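Colleague: Can you look at this prediction? I've put the sequence above it.
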Amino acid sequence: MRETSIHPLAVVEKGAQLGQGVTIGPFCTVGSDVVLGDGTEVISHVALAGRTKIGSGARIFPFASIGHIPQDLKFKGEASTLEIGEKCTIREGVTMNPGTETGGLLTKIGDRCTFLANSHVAHDCRIGNDVIFSNDVMLAGHCHVGDFAILGGGAAVHQFCRIGAHAFIGGLSGVENDVIPYGMALGNRAHLAGLNMVGLKRRGFTREAIQEIRRAYRLLFAEEGTLQERIEDVASDFAADPIVGEIIGFLRSSGNRSICTPRDSKEG
C-alpha cells in the first residue's frame, strides 16, 4: 500500500485519524473528529467535518461536503455521527449530513456505494450496500434505502420514505411513498410501474425466481380485496419463497409513509 500523503495546501486538524495509504489532495479540510480508513483518496477541495467515519478504499471528489451539521432547524449542536462504509465513491459536490436527536444521532451508509455529482444524503438516513445515486438525487431526512437500489438522476425522496432492496427509481421521480423491494417507481408523484426486471437479470436472479416474483406482484396489486388481505394471501401461497418473503416483510413492517402502488391499483 502507498504511503499516506497530505498535500501542503490541505488542512488536517489535530485529532483526525488517517489510516495507511490515505491521500489528501490540495485545498481539502479534514476536521479533528474525522476518521479515514486505509487507502482513502480525498482528491481536492473536499470538506470533511464532524464525527465522520469513512471506511477503507473510498474516493471523494472535489467540492464534496461530508459531515457538516444537518440541514434541520431543530438541530441544536448535539453530538451526532456520519458513518460511511468501505469502497464508496463520492463524486463532485455531494453533500452528506450526520444524524439528529430524533433519528438516533446517526446517518449510516453501507459499502461499495456510488454517489454521483451533486446528490444529497440528509440526516438520519440509512443506506445499504451497493446503492447507486445518479446525479442530483435528493434524499430527505430519515429515509431508508435497501441494498442494490438505484435512484435515477434528479429523483427526490420524501422524508421517512423507505426504498426496498433492488428497487429502481426513475430519473426526475418524486417519491412520497414506500417502494417495495424489487419494485420500479416512476413519475411525479411516483407510482409503482412494475418490477426492476433489468436489475434482477443483471444480478443473476434465475428465470424461475423472476417468474415467482412477477406472479406474487400481480397478486399483491390485483383489484380484488384490500391490500392487507392480498398481503396475507401471498404470504400463505409463497411461504417457502425467501425473495417474496422479503417483499411481504417490507409491506408488513411499519413505516411513516403509505405504500407506493400502481396507478390502477386499489389501495386497502
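Modeller: Sure, I can see it.
Colleague: from here on, contacts and neighbour counts on C-alpha atoms
Modeller: Will do.
Colleague: Please enumerate the helices of the stretch 51-200 of the chain.
Modeller: Counting by DSSP state H, counting those that start in this stretch, the stretch 51-200 of the chain has helices at residues 197-202.
Colleague: Below-threshold pLDDT in it: ranges please.
Modeller: In the predicted model, the stretch 51-200 of the chain carries no residue with pLDDT under 70.
Colleague: what about stretch 245-264, average pLDDT?
Modeller: pLDDT averaged over stretch 245-264 equals 93, rounded to a whole number.
Colleague: Quick check: residue 27 vs residue 43, distance?
Modeller: For residue 27, the distance to residue 43 under the criterion C-alpha to C-alpha, to the nearest Å works out to 9 Å.
Colleague: Residue 170 contacts residue 152, correct?
Modeller: Yes - between residue 170 and residue 152 there is a contact at 4.9 Å, judged by C-alpha atoms under 8 Å.
Colleague: Just give me the residue closest to the centre of the protein.
Modeller: Taking C-alpha atoms, centre = their mean, the centroid of the chain lies closest to residue 127, which sits 3.5 Å from it.
Colleague: Quick check, it in contact with residue 110.
Modeller: Yes - using C-alpha under 8 Å, residue 127 makes contact with residue 110 at a distance of 5.9 Å.
Colleague: any residues in contact with both of these two?
Modeller: When contacts are counted by C-alpha atoms under 8 Å, 6 or more residues apart in numbering, residue 127 and residue 110 are jointly contacted by no residue.
Colleague: tell me the contacts of the closest residue to residue 8 other than its chain neighbours?
Modeller: Nearest residue to residue 8, sequence neighbours excluded (C-alpha to C-alpha, 6 or more residues apart in numbering): residue 26, at 7.0 Å. By C-alpha under 8 Å, 6+ apart, residue 26 lies in contact with 7-10, 43-45.
Colleague: Give me the buried entries from these.
Modeller: Under a neighbour-count criterion of 16 or more other C-alpha atoms under 10 Å, the subset of these counted as buried comprises 10, 43-45.
Colleague: Residue 249: which of those is nearest?
Modeller: Of all the buried ones among the contacts of residue 26, residue 249 sits closest to residue 43, with 41.2 Å by C-alpha to C-alpha.
Colleague: and the closest one, what pLDDT?
Modeller: In the prediction, the pLDDT value recorded for residue 43 is 98.
Colleague: Quick one: neighbours of residue 73, just the number.
Modeller: Other residues near residue 73 come to 6 when the count uses other C-alpha atoms under 10 Å.
Colleague: thought residue 52 was touching residue 37?
Modeller: No - under the criterion of C-alpha under 8 Å, residue 52 makes no contact with residue 37, lying 11.1 Å away.
Colleague: Name the residue in these two with the higher neighbour count.
Modeller: Using other C-alpha under 10 Å, the more surrounded residue of residue 52 and residue 37 is residue 52, with 26 against 22.
Colleague: For that one, give me its contacts.
Modeller: Counted by C-alpha under 8 Å, 6+ apart, residue 52 has contacts 33-35, 66-67, 81-84, 98.
Colleague: Of the residues you listed - the most surrounded one?
Modeller: With neighbours defined as other C-alpha under 10 Å, the most crowded of these is residue 98; it has 29 neighbours.
Colleague: Would you mind measuring from the spatially closest residue to it that is not a sequence neighbour to residue 34?
Modeller: Closest residue to residue 98 apart from its sequence neighbours, by C-alpha to C-alpha, 6+ apart: residue 82 at 4.4 Å. When distance is defined by C-alpha to C-alpha, residue 82 is 10 Å away from residue 34.
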